[in-house]
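Participant: Sequence and predicted structure below; questions after.
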Amino acid sequence: MSEPLIQLQSVGVRFGTHDVLRGVSLDIFPQQTVAFIGESGCGKTCLLKLVVGLLQPTAGDVLFQGKSLRSLNEKELTAMRLRVGFLFQSAALFDSLNVFDNVAFGLKAKGGVAEADVSARVVERLQEVGLPDGVRVKMPSELSGGMRKRVGLARALALDPNVMLYDEPTTGLDPVMTDVINELILQTRTKRPVTSVIVTHEMRTVHKVADRVVMFYPLSRLAEGEPQMIYDGPPDGLATAADPRVRQFVEGRAGA
Ligand SMILES: Nc1ncnc2c1ncn2[C@@H]1O[C@H](COP(=O)(O)OP(=O)(O)OP(=O)(O)O)[C@@H](O)[C@H]1O
């Protein structure tokens, strides 16, 4: 197997006296699509933030291509982040910019791309996520939730990222739009050699797009020393997982 792209080594995260993650070790390999699942508050979003250095671990280390994020200076960290696309739950568009400028934002900020090339790239990405041409001049407030998600995805893809991070990409969408976004996530990974990490509550999304699932358990409900990762395997192994907490979760039953 190739070298891991992202490595978490005995990572811990604590806010004040509140321990959120403890002793999490995980290797993510190039072109994997990994889904992080687990009940609310178990630290999934913190894990995404750790991967791009938006959150510093209070213990252990996070490595990107074998290099500790701690060892990167601000310039190197920025260069690394430019290789990572995000799609947040709210799509996080700039409300004062139209769709074109939202999608172009990263390209312009990065610099060194000719105006005509920026335009061509924006048009291409909007087409890729299935948005009609006319959407370019619309403001985010004029768009439906599903369209905002698509614009968010187009924006994330504009920089041709090596890594895509999705934080609950289908939460709050109707079943049809959920399917559209799942398809787009799939399409994104079949079109390019991208490594994806998806935080989601939606089992349909897990089954449709992930090739690996990691389930986390809230530290507050674990005994000292018990591992926080309670499943690491393919989606089709979830229903028959040895750990009853995993089966309970995927069946949507409340745990103990
Ligand atoms: N900046 C912060 N300061 C203090 N506490 C924080 C901070 N960020 C996260 N937390 C706490 O860490 C815990 C885990 O948060 P996180 O958002 O990673 O959970 P999650 O598993 O993604 O939850 P959800 O599924 O509800 O989004 C929560 O208890 C949260 O309140």
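Facilitator: That came in fine, so what should we check first?
Participant: so where do the helices sit in the stretch 51-200 of the chain?
Facilitator: 74-81, 99-110, 115-128, 145-157, 175-191 (DSSP state H, counting those that start in this stretch).
Participant: Serialize the ones you listed to TSV and add fields for mean pLDDT, mean neighbour count and distance to the ligand.
Facilitator: All C-beta atoms are positioned from the backbone trio N, CA, C, and that covers glycine. Shown next, in TSV, are the helices of the stretch 51-200 of the chain (pLDDT from 0 to 100; neighbours: other CB atoms under 10 Å; distance: least, CB to the nearest ligand atom, whole Å):
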stretch	mean pLDDT	mean neighbour count	distance to the ligand
helix 74-81	88	13	18
helix 99-110	89	19	24
helix 115-128	89	16	27
helix 145-157	89	24	17
helix 175-191	87	16	17
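Participant: Dump these to TSV, plus distance to residue 226.
Facilitator: Output for these, formatted as TSV (distance: least, CB to CB, whole Å):
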stretch	distance to residue 226
helix 74-81	33
helix 99-110	41
helix 115-128	44
helix 145-157	36
helix 175-191	32
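Participant: which one of these lies closest to residue 208?
Facilitator: helix 175-191 (4.5 Å; CB to CB).
Participant: Can you tell me which helices and strands the closest one packs against?
Facilitator: On a contact count with 3 or more CB pairs under 8 Å, 6 or more residues apart in numbering; DSSP states H and E, helix 175-191 meets helix 145-157, strand 163-167, strand 195-199, helix 203-209.
Participant: For the residue of the stretch 51-200 of the chain found nearest the ligand, list each beta-bridge partner.
Facilitator: In the stretch 51-200 of the chain, the residue that lies nearest the ligand is residue 199 (6.0 Å; CB to the nearest ligand atom). When bridges are called by DSSP bridges, residue 199 pairs up with residue 36, residue 167.
Participant: so it makes contact with residue 168?
Facilitator: Yes: assessed by CB atoms under 8 Å, residue 199 is found in contact with residue 168 at 5.8 Å.
Participant: Looking at those two, which one has more neighbours?
Facilitator: Shown here are residue 199 and residue 168; by other CB atoms under 10 Å, residue 199 has more neighbours (24 against 19).
Participant: pLDDT score for that one?
Facilitator: Here the pLDDT value assigned to residue 199 is 95.
Participant: What of residue 91?
Facilitator: Listed pLDDT for residue 91 reads 64.
Participant: so where's this structure shaky on pLDDT?
Facilitator: 1, 90-91, 254-256 (pLDDT under 70).
Participant: contacting residues around the residue of the stretch 51-200 of the chain closest to the ligand?
Facilitator: With contact taken as CB atoms under 8 Å, 6 or more residues apart in numbering, residue 199 is in contact with 35-37, 44-45, 47-48, 166-168.
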